[in-house]
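**Q** okay, here's the prediction I keep looking at, along with the sequence it came from:
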Amino acid sequence: MSASAVSRRTLFEAGTGLLAGTALLLETSGAHAATMSATEKVLRKWYGLWVTEKKDWGPYDALMADDYTFTSPTPDDHISKAAFKKNCWETQVNYIQSFDLELVAVKGDEALVKYLCGTQNGKSFRNVEYFRLRDGKIATHECYFGGHMTFPSSVSAQKG
């Protein structure tokens, strides 16, 4: 093997390690928060509100556009903000303990969020949600999940 081939390989390996180390350092140093888009900040706040001890509708309302709509595989087809509050938030907010946002993919004012949600009784489930923001507020929210047993209240009600 020639000296130039070895030095290129060594350089490549060193560069790969340096790149990976820099990415890890940036992620753990909080640099991600400084470069986070406005859309991602709104969505991280949205999920953070679900797990606060004070279950107050006001902060949610402030993040939602007046003409907000929610859609899911249940009979929630473009329901209004008021219907979302009654049918979804009020029935589920007390079952949720944590959100681990596994993927937040943002493209302008649109985002897909994949999360692992923990319930008050130690069970968990995953969902993927699509959001479209307008003027910094959530205008469209679509939830994609499996069967009815993935609702937080259904998961929490299961034995074992």
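**A** Sure thing, it's come through.

**Q** ok, for I138, nearest residue in space, not its chain neighbours?
**A** M64 (5.1 Å; Cβ to Cβ, 6 or more residues apart in numbering). Where you see a C-beta, it was placed from the backbone N, CA and C, and this is true even at glycine.

**Q** just checking, that neighbour touches K81?
**A** Yes: between M64 and K81 there is a contact at 5.5 Å, judged by Cβ atoms under 8 Å.

**Q** thinking again about what came up before, quick one, phi/psi of the residue nearest to I138?
**A** M64 adopts backbone torsions of phi -110, psi 140, taken as degrees, to the nearest 10.

**Q** the chain should start at 37 in everything you say after this.
**A** I'll keep to 37 as the first residue from here, and by that count the last item is M100.

**Q** what about it, neighbour count?
**A** 19 (other Cβ atoms under 10 Å).

**Q** now do the contacts for it.
**A** Counting by Cβ atoms under 8 Å, 6 or more residues apart in numbering, M100 makes contact with 117, 173-174.

**Q** give me the pLDDT value at it.
**A** On pLDDT, M100 comes in at 98.

**Q** surely A141 and V164 touch.
**A** No: using Cβ under 8 Å, A141 is not in contact with V164, being 10.0 Å away.

**Q** which one of the two is surrounded by more residues?
**A** Remark: of A141 and V164, V164 carries more neighbours, 15 against 12, as counted by other Cβ under 10 Å.

**Q** beta-bridge partners for that one, please?
**A** When assigned by DSSP bridges, V164 has beta-bridge partners K150, Y180.

**Q** count of neighbours near K121?
**A** 19.

**Q** then T127?
**A** Applying other Cβ under 10 Å, we find 13 residues neighbouring T127.

**Q** that one - that's part of a helix, no?
**A** Yes: using DSSP: H, G, I helix; E, B strand; the rest coil, the assignment for T127 is a helix.

**Q** roughly how far does it sit from F161?
**A** In this view, T127 and F161 are 15 Å apart by Cβ to Cβ, to the nearest Å.
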